[in-house]
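K.L.:
next come a sequence and a model predicted from it.
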There are 2 protein chains.
Amino acid sequence: MSKVNIKVLAEQLQLSVSTISKALRDSYEISDETKKKVLELAAQLNYVPNPYASSLRKKKSKTIAVVLPEVADNFFSLAINGIQSIAETKGYHVLIYLSHEKFANERTILEDCQSGRVDGVLISISSETKSAEHIIKLQANNIPVVFFDREQESIETARVTTNDYDCGLMAANHLLKKGCRKPAFVSISQSLPICLNREEGFKAALTEAGIPEANQQIIYCTDNDSMYDQIKTILQNKHRPDGLIASVEKIVTPVYLACHELGIHIPEDIKVIAFATLDTAPILNPPLTTITQPAFEIGKAAATLLFKGIEKSTFDLSKERMVIPSVLIERESTAGGS
Amino acid sequence: MSKVNIKVLAEQLQLSVSTISKALRDSYEISDETKKKVLELAAQLNYVPNPYASSLRKKKSKTIAVVLPEVADNFFSLAINGIQSIAETKGYHVLIYLSHEKFANERTILEDCQSGRVDGVLISISSETKSAEHIIKLQANNIPVVFFDREQESIETARVTTNDYDCGLMAANHLLKKGCRKPAFVSISQSLPICLNREEGFKAALTEAGIPEANQQIIYCTDNDSMYDQIKTILQNKHRPDGLIASVEKIVTPVYLACHELGIHIPEDIKVIAFATLDTAPILNPPLTTITQPAFEIGKAAATLLFKGIEKSTFDLSKERMVIPSVLIERESTAGGS
DNA sequence: CTGAAAGCGCTAACAA
DNA sequence: TTGTTAGCGCTTTCAG
């Protein structure tokens, strides 16, 4: 099966390669008759254009990179869905890269992205990422970058996030309203804006409510493997919190398991609310109150912005900031109180 | 920022482009001294090779495509993880394409894959896919294809699956052992081998146990949107099943919700077991008995096979069949009986 | 050990 | 309306 290319078509039709090329792209320069002949033969010979030849020549790859910490997380998989939905309509291809929450991986990935392999990058940074140079370098190479959800604050470019601070407030106020007096906030990073903002909202709400700082417990579970043990320790503490905010989805299962193991009842002994897009939230034991992020929409919006940045050289990404609010969905895990 | 390429390096060092090219790839033809100079300048100028130029020349893209029905499903996201883990070590890039369970989408995607954009394809077919021509066409273009989980049976190529038939048997026998007399099997496709094989195992177990065919209910929920209503209808039926096997993960939430809505108790009124890799299974209400598929391992194994097929022309994929068994994890949703 | 030159498949001036 | 030609950036003979 020798590969059929433009030259083969040209020979068979006794035309030049440029005529074929133009005909294939429906150029106004080519007669309808010729176009028809070309398209027919192309279909007949199962001609498929070589994208890399075209990319090399046009310096456009029609490909974007999505760089994220992991895929096995409902937020990210829904965001990918949103991104794909836009990429499809635009005819773009999507490369997926996983940082596994490691800065070193993220840097390596972005280095490769400078090669011309992609026309733009959508990124949700790792929980380790503090520096911004690897991203700045990308921009210096004229590769547009758009953040979704997990941004790097010092960088000048578009970002699509949810209203993290307000949600932190909302979550904490919800627990207060339900009668909690010493709620805890479980975070996975001391640098990620999503975590910090949610945490700030949490603290502001408690302070406003007159809860002493000593009762504003914040727990950092930066290591995935020890998360379960860490949570268990907290729940066994004599200052055991009476409410808990899970700043990200993956904290939920260990919390529920630990409570069960220790005979601590949700919501009687401790109320739980989580930032999560889990579709099993309503069937958990007990059903979980969530701050549900618009993951699909965030992906869509970020992709839309990125394509604007790619396709319209006049479009300035640097000041774009889009905030799509999350919603609190109350379920039994925070029942009780007033 | 004018892009630095091999030619720029050559000029600056007063060397030829071919020397640079060889030096960069650490060819034995080049002196250590020259190599060192080249590497230094490359680092200094932040040289990144253009992958498309290289691909065009070498006719290798160092890229694979992963084609699957959806990402927002724990099985698939874990499989992607497994695939990525191998691709990373091999230095390959991963393009993700979603068929959204539509045959037409799948065909379009695979057509593009014939372009040389990818060196190989990993695919889990859509629930609609019956024909195989689109896949055969790929192979005719010398693009190796490996199936993971959802295979197309008539095609001669490698596949990595789990022991679906046995798991169907196992699930049904588990329900029988727990006292079910008229269990139902909920499927999403009448053509997908994973569903058919699980279904066959189910029927074989019941027949073996002397359950009349009339009590071997099989329900096809081919449409996502109406799944909830369909399940509710079944549960309201006077021949309501006393056990239920969910053939795929996404059936779980609607089943639990419908039971709750109708006041049907799991496991007292109906026992539920599901093919799922849900990490929330142990914290559901009640905890869900699962047939847990080795999703990560399936992804890994499929990718490993694909790369063998890509890199070793002597390696024959056509007869490779790998079956990685799932495990039944018993939880409360099937409690009771003997 | 280094260099010259051809060409991967396609596009885009520019001619005709 | 069609054709000629010169590359895109890289690899790879083949010569030197």
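P.N.:
The structure has been received and is ready for your questions. On a predicted model such as this, the values are computed, not experimentally measured, just so you know. Numbers count the residues shown, from 1 in each chain, chains lettered A, B, ... in the order given.
K.L.:
hey, let's count contacts and neighbours off CA atoms from now on
P.N.:
Will do.
K.L.:
I'd like to check which residues are in contact with the residue in the stretch 151-300 of chain A that DNA strand D sits nearest to.
P.N.:
Residue nearest to DNA strand D within the stretch 151-300 of chain A (Cα to the nearest atom of the strand): A:Thr157, separated by 25.5 Å. Taking Cα atoms under 8 Å, 6 or more residues apart in numbering or on different chains, we find A:Thr157 in contact with A:Val145, A:Val146, A:Phe147, A:Leu317, A:Ser318, A:Lys319, A:Glu320.
K.L.:
run a quick neighbour tally on A:Lys238.
P.N.:
8 (other Cα atoms under 10 Å in any protein chain shown).
K.L.:
tell me which stretches of the stretch 151-300 of chain A form helices.
P.N.:
A:164-177, A:193-208, A:227-236, A:252-262, A:295-311 (DSSP state H, counting those that start in this stretch).
K.L.:
out of the ones you listed, which gets nearest to A:Glu111?
P.N.:
A:Glu111 sits nearest to helix A:295-311 of all the helices of the stretch 151-300 of chain A, at 18.7 Å, using Cα to Cα.
K.L.:
give the partner strands of the helix or strand that the closest one is followed by in its sheet and their orientations.
P.N.:
Of the helices and strands lying after helix A:295-311 in sequence (DSSP states H and E), the nearest is strand A:321-323. Note on strand A:321-323: by DSSP bridges, its sheet partners are strand A:159-161 (parallel).
K.L.:
return the distance of the partner strand from the chain's centre.
P.N.:
From the chain centre to the centre of strand A:159-161 is a distance of 9 Å (Cα atoms, centre = their mean, to the nearest Å).
K.L.:
identify the residues contacting A:Leu176.
P.N.:
A:Leu176 touches A:Leu206, counting by Cα under 8 Å, 6+ apart.
K.L.:
and it, what pLDDT?
P.N.:
pLDDT for A:Leu176: 96.
K.L.:
next one: A:Asn46
P.N.:
Reading off the model, A:Asn46 has pLDDT 92.
K.L.:
which element is it on?
P.N.:
If you go by DSSP H and E, A:Asn46 is not part of any helix or strand.
K.L.:
how far away is it from A:Ser54?
P.N.:
According to Cα to Cα, to the nearest Å, A:Asn46 stands 18 Å off from A:Ser54.
K.L.:
cool, and A:Gln216?
P.N.:
Per Cα to Cα, A:Gln216 is found 58 Å from A:Ser54.
K.L.:
between these two, which one's more packed in?
P.N.:
Taking neighbours as other Cα under 10 Å, A:Gln216 and A:Ser54 compare with A:Gln216 leading, 18 against 14.
K.L.:
verify the stated contact: the more buried one with A:Gly201.
P.N.:
No: assessed by Cα atoms under 8 Å, A:Gln216 is found out of contact with A:Gly201, at 11.8 Å.
K.L.:
tabulate the contacts of A:Thr157 (a markdown table), appending neighbour count, pLDDT and distance to DNA strand C.
P.N.:
Shown next, in a markdown table, are the contacts of A:Thr157 (neighbours: other Cα atoms under 10 Å in any protein chain shown; pLDDT from 0 to 100; distance: Cα to the nearest atom of the strand, whole Å):
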| residue | neighbour count | pLDDT | distance to DNA strand C |
| --- | --- | --- | --- |
| A:Val145 | 29 | 97 | 24 |
| A:Val146 | 29 | 98 | 26 |
| A:Phe147 | 28 | 98 | 30 |
| A:Leu317 | 20 | 92 | 25 |
| A:Ser318 | 15 | 91 | 27 |
| A:Lys319 | 10 | 91 | 30 |
| A:Glu320 | 14 | 94 | 29 |
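K.L.:
what parts of the stretch 201-338 of chain A come near chain B?
P.N.:
Neighbours of chain B within the stretch 201-338 of chain A, by Cα under 8 Å from any Cα of the partner chain: A:Thr253, A:Tyr256, A:Leu257, A:Asp279, A:Thr280, A:Pro282, A:Ile283, A:Leu284, A:Asn285, A:Pro286.
K.L.:
now do the contacts for the nearest residue to A:Asp269 once chain neighbours are set aside.
P.N.:
Closest residue to A:Asp269 apart from its sequence neighbours, by Cα to Cα, 6 or more residues apart in numbering or on different chains: A:Asp242 at 6.3 Å. Contacts for A:Asp242 were tallied using Cα under 8 Å, 6+ apart; they are A:Cys180, A:Arg181, A:Lys182, A:Pro183, A:Ala184, A:Asp269, A:Ile270, A:Lys271.
K.L.:
at 7 Å instead, please
P.N.:
A:Cys180, A:Arg181, A:Lys182, A:Pro183, A:Asp269, A:Ile270, A:Lys271 (Cα atoms under 7 Å, 6 or more residues apart in numbering or on different chains).
K.L.:
thinking again about what came up before, contacts with DNA strand D among the contacts of A:Thr157, please.
P.N.:
Checked against DNA strand D using Cα under 7 Å from any atom of the strand, those give no members in range.
K.L.:
what about the residue of the stretch 101-250 of chain A found nearest DNA strand D, neighbour count?
P.N.:
Of all residues in the stretch 101-250 of chain A, A:Ser115 sits closest to DNA strand D, at 8.1 Å by Cα to the nearest atom of the strand. A:Ser115 has 19 neighbours, counted by other Cα under 10 Å.
K.L.:
enumerate every residue touching it.
P.N.:
A:Ser115 touches B:Val48, B:Pro49, B:Asn50, B:Pro51, counting by Cα under 7 Å, 6+ apart.
K.L.:
the residues of the stretch 201-338 of chain A next to chain B: which two are farthest apart?
P.N.:
Those two in those that are separated most widely, counting by Cα to Cα, are A:Leu257 and A:Asp279, at 18.2 Å.
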